[in-house]
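Trainee: Structure for the following, please:
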Amino acid sequence: MTSQQATATRTRRGTPVIVDVEEAEAALVENYPHLVRLAYLILPAGLGRHRRVMTAHTLVQRTLPRSASEPDPASLGVPGPRGPADRSYALMRQEVLCAALAFEQEEGARGWLRKLTTGVLPPHVWGLRLHPKAGGTDEAALDRALAGLDAPARAAYALLELENLRRSDGREVRKLLAAADAPDPRGALKSAEAVPYGLLGAGGFDPCTVQARPTDLLRRRQHGRAALIAAAAVAVTAVLVAVLGGGPEPYSAGGPPNAYGASLLDPARLVRVDGAVWKRASRVDFTVWPARGGRVKDAKLLGRALEVWAHPGERVAVSATKGTTEGLPAQPPQLLYAGDVDAASVVLMYDGLRLVRYAEPRDGKGQAALDFTRVDGADVSTAAVVVGRIDGNTRFLTAPWVTGTASRDLLGPGRPAQKLRLAADGVTDPVRMPGAGSDSASAGAKGPCGTAWPALEFRAADRVGPGKPILLTDLGDLVPVHLTYQPAGSAVPGEAAGKDALASWARTVCHLGSMRGLGVRTVNAWQYAEQRLPEDNGRATWVCTRADTWTGTDGRTLALFLPPVTEPTSPGAPVGQSTKDTGACGRPVPQVLAGVLWKSTAGHWYLLAAGSPDVERITATGGVTGSADDPVMAVKAGQGARAELSAVLDSGTRISTLR
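Mentor: Sure thing, here's the model as predicted:
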């Protein structure tokens with residue numbers, strides 16, 4: 001049903017509140033950028049950025065009612081982003097929600113657009129592609145997180161962020177979703193609340209502030225009026241095909257390649273490596289991965305993948321991790337995999353710097369995906385690559401040197417790893433992605449990351465492997481993240497294998513959720529200090545986790561305080577962090593200092609602090625004063641006291657806490 005029909009059929013209670021067309025138009029014009037941004041967040045990312053922008057504007061413009069209308073009473077009491085919601089804004093917000101949610105109902109986007117054959121003409125741009133201005137890594141992470149949610153959950157997230165409704169207990173969001181006929185408002189809200197808070201910046205995902213790029217300049221200049229006539233004929237044909245139930249448009253946007261581009265688009269020129277090359281190679285990285293999969297000889301599939309790489313169309317969702325370009329390679333790429341994975345046909349390629357994954361629906365319907373990630377510097381620990389994701393499950397293509405594969409729940413450090421089956425082409429059985437499905441929904445009852453955190457254990461051949469299992473976990477990128485462990489007294493990280501490493505990661509892993517989609521390569525958990533707690537309260541451990549990205553920059557550092565607990569998976573308390581790459585906790589700057597206010601079992605408060613082994617003296621000033629000629633310090637303090645910490649290293653260098 002249309003948004004107007006949905007409004008008319010709802011049950012009303014109390015005195016009707018009527019909004020005339022002029023009031024509704026004034027509210028739409030005044031709040032137009034905000035409403036378009038709301039629609040853009042709810043629309044599926046698979047539309048592509050240009051089509052998503054144009055659809056958001058079309059949707060909002062067509063929600064203006066034709067006659068006086070009545071908003072749902074439940075939505076009248078919910079405030080807007082500027083304070084109390086007036087009745088006209090409440091109506092327009094409700095209509096935008098209805099229309100955006102209806103976009104993904106059973107009939108799909110094409111069925112919804114067929115209904116809009118009359119009324120306001122949709123916006124149209126000829127010769128340009130529009131997309132919102134790019135944000136930072138947080139926005140990229142949010143884009144990936146939203147892509148994994150359904151429309152009601154995306155709507156719930158948009159309401160929480162754009163309508164400033166996080167201050168409530170969720171009732172107002174559920175009211176608005178129910179007024180818009182969204183299924184399961186409570187479940188949608190739970191899914192939205194699992195997305196990390198604060199990723200949506202002030203200007204992120206703004207379809208009213210866009211960048212423009214040309215589409216087919218060369219073709220238009222060469223063909224002139226003939227191209228215009230041909231494009232019109234193609235458009236008419238596409239409309240007729242859509243209305244009559246024909247097939248979808250191709251995934252490639254087309255375009256005349258030059259001689260250089262034509263050579264790169266030739267499937268016959270893809271580099272293929274023999275399966276035994278890695279056994280005699282002097283380097284162990286993607287250059288020795290053989291071409292595997294059931295469709296490595298399918299020239300049509302490979303040709304489509306290369307053509308989409310050169311000219312991605314509107315039905316292709318393109319993503320790239322930070323610092324990764326999306327252009328064509330300098331030479332023909334190497335083919336790593338081509339085959340059918342669940343409901344998709346997948347092609348995986350490597351160009352010496354980047355991995356490129358192309359996936360199209362096997363039935364030819366829906367959107368395709370083109371993903372880029374930088375992987376220069378890969379080594380034996382880069383033992384797997386994502387080839388498919390569906391319903392929160394991930395399949396991986398394993399490196400040719402992998403001799404054993406298992407799955408392990410990092411929240412169950414005492415449980416043995418479960419053997420994971422490998423197909424003949426090196427693809428694993430599906431593995432649950434951390435935080436997917438019921439795990440994230442139950443986070444409130446079971447902890448901040450749900451009931452389980454799946455990871456992969458790989459064993460490499462003796463000739464190339466470290467001799468211990470390699471532990472990887474999926475954080476939403478093409479390449480899973482390598483987890484390492486550095487015990488107290490060790491100068492370098494090692495594999496996260498063994499009782500102590502697994503016990504440490506069981507209390508640390510829940511904090512990895514904030515690193516999703518950031519192109520993280522490795523995360524090391526460094527147990528940099530141990531401290532005997534005052535009043536004989538046992539021993540605490542101080543851990544510093546450092547995430548390094550494939551770009552070599554943008555590292556993130558988080559210090560954790562791990563007091564004694566009865567539950568071995570109780571997460572450590574964050575006590576300091578740095579989202580800028582200061583080099584702390586890593587090889588560039590192997591020092592750290594952090595502090596925390598801690599309450600003893602007797603009810604007394606202390607300021608605790610701990611530094612890396614090279615700390616000779618710690619000093620506290622401000623609300624708490626004290627010092628210790630040691631890498632650890634404990635000073636009595638008052639509840640809520642604030643203090644500044646500093647430390648002096650054995651080299652004489654002074655450091656402060658992570659910021």
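Trainee: List the residues that contact the nearest residue to residue 324 once chain neighbours are set aside.
Mentor: Nearest non-adjacent residue to residue 324, counting by CB to CB, 6 or more residues apart in numbering: residue 374, 4.4 Å away. C-beta coordinates here come from the backbone N, C-alpha and C atoms, glycine included. By CB atoms under 8 Å, 6 or more residues apart in numbering, the contact set of residue 374 is 321, 323-324, 353-354, 519, 550-551.
Trainee: Let me have these in CSV, extended by neighbour count.
Mentor: CSV is the format used below for these (neighbours: other CB atoms under 10 Å):
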residue, neighbour count
321, 26
323, 15
324, 20
353, 15
354, 24
519, 28
550, 27
551, 17
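Trainee: For residue 94, grab the count of nearby residues.
Mentor: Residues lying near residue 94 (other CB atoms under 10 Å) number 25.
Trainee: Name the SS class of it, please.
Mentor: Of the three states, residue 94 takes helix according to DSSP: H, G, I helix; E, B strand; the rest coil.
Trainee: so what's it closest to, chain neighbours aside?
Mentor: Nearest residue to residue 94, sequence neighbours excluded (CB to CB, 6+ apart): residue 75, at 5.0 Å.
Trainee: so which strand or helix has residue 543?
Mentor: Assessed by DSSP states H and E, residue 543 sits inside strand 539-549.
Trainee: so which helix or strand takes in residue 158?
Mentor: Assigned by DSSP H and E, residue 158 belongs to helix 151-162.
Trainee: what is the rounded mean pLDDT of that helix?
Mentor: The average pLDDT within helix 151-162 is 87.
Trainee: Repeat that for stretch 537-546.
Mentor: The predicted model gives stretch 537-546 an average pLDDT of 96.
Trainee: And what about residue 33, helix, strand or coil?
Mentor: Per three-state DSSP, the local secondary structure of residue 33 is helix.
Trainee: give me the number of residues near it?
Mentor: When neighbours are counted by other CB under 10 Å, residue 33 registers 13.
Trainee: Would you check how far apart the closest residue to it other than its chain neighbours and residue 574 are?
Mentor: Of all residues not flanking residue 33 in the chain, residue 208 sits nearest, at 4.2 Å (CB to CB, 6+ apart). The gap separating residue 208 from residue 574 is 36 Å, by CB to CB, to the nearest Å.
Trainee: ditto for residue 251
Mentor: 43 Å.
Trainee: now swap in residue 615 and tell me
Mentor: Noted for residue 615: a distance of 20 Å to residue 574, by CB to CB.
Trainee: Just want to know which of those two has more residues nearby.
Mentor: More crowded of residue 615 and residue 574, by other CB under 10 Å: residue 615, with 25 against 16.
Trainee: For that one, name its beta-bridge partners.
Mentor: residue 649 (DSSP bridges).
Trainee: go on, residue 458?
Mentor: With DSSP bridges applied, residue 458 shows beta-bridge pairing to residue 405, residue 470.
Trainee: Isn't residue 521 up against residue 481?
Mentor: Yes - assessed by CB atoms under 8 Å, residue 521 is found in contact with residue 481 at 6.9 Å.
Trainee: re earlier: and the residue nearest to residue 94, what does it touch?
Mentor: Contact analysis of residue 75 by CB under 8 Å, 6+ apart lists 85, 90-91, 93-94, 175-176, 179.
Trainee: which element is it on?
Mentor: Assigned by DSSP H and E, residue 75 belongs to helix 73-76.
Trainee: Which residue ranges of the stretch 301-450 of the chain form strands?
Mentor: Remark: strands assigned in the stretch 301-450 of the chain by DSSP state E, counting those that start in this stretch are 316-320, 334-341, 344-350, 354-361, 368-374, 384-390, 393-398, 402-409, 418-419, 431-432.
Trainee: Using CSV, write out the CA atom coordinates for the fifth one.
Mentor: This points to strand 368-374. Included here for strand 368-374 are C-alpha records, laid out as CSV according to Å, rounded to 0.1, in the frame of the first residue of the first chain:
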residue,chain,number,x,y,z
ALA,A,368,26.0,-7.0,-7.4
ALA,A,369,29.0,-6.0,-5.2
LEU,A,370,32.5,-4.8,-6.0
ASP,A,371,34.8,-4.6,-3.0
PHE,A,372,38.4,-3.3,-2.9
THR,A,373,40.9,-3.7,0.0
ARG,A,374,44.6,-3.0,0.2
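Trainee: Neighbouring strands - and their directions - for that strand?
Mentor: Applying DSSP bridges, one finds strand 368-374 paired with strand 316-320 (parallel), strand 354-361 (antiparallel).
Trainee: could the ones you listed be laid out in CSV, adding distance to residue 68?
Mentor: Formatted as CSV, the strands paired with strand 368-374 follow (distance: least, CB to CB, whole Å):
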stretch, distance to residue 68
strand 316-320, 40
strand 354-361, 44
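Trainee: looking at those strands, which is buried most?
Mentor: Of all these, strand 354-361 has the most neighbours on average by mean count of other CB atoms under 10 Å, namely a mean of 23.
Trainee: chain center to that strand, what's the gap?
Mentor: 17 Å (CA atoms, centre = their mean, to the nearest Å).
Trainee: for stretch 334-353, same thing?
Mentor: 21 Å.
Trainee: State the mean pLDDT of it.
Mentor: Average pLDDT, stretch 334-353: 96.
Trainee: so where's the stretch 151-300 of the chain shaky on pLDDT?
Mentor: For the stretch 151-300 of the chain, the stretches flagged by pLDDT under 70 are 167-168, 197-198, 201-205, 209-249, 254-262.
Trainee: now swap in the stretch 451-600 of the chain and tell me
Mentor: Counting by pLDDT under 70, not a single residue of the stretch 451-600 of the chain qualifies.
Trainee: And the helices in it, which stretches?
Mentor: 499-506 (DSSP state H, counting those that start in this stretch).
Trainee: Name the residues of the strand holding residue 543 that are buried.
Mentor: If you call a residue buried by 16 or more other CB atoms under 10 Å, then strand 539-549 has these buried ones: 540-549.
Trainee: what does stretch 402-421 give?
Mentor: Under 16+ other CB under 10 Å, the buried positions of stretch 402-421 are 402, 404-405, 407-413, 417, 420.
Trainee: show me what contacts the closest residue to residue 295 other than its chain neighbours?
Mentor: Leaving aside its sequence neighbours, residue 295 sits nearest to residue 338 (CB to CB, 6+ apart; 4.4 Å). By CB under 8 Å, 6+ apart, the contact set of residue 338 is 291, 293-296, 298, 301-302, 305, 346-348.
Trainee: biggest strand in this structure, by residue count?
Mentor: Identified as the longest strand of the chain according to DSSP state E is strand 520-532.
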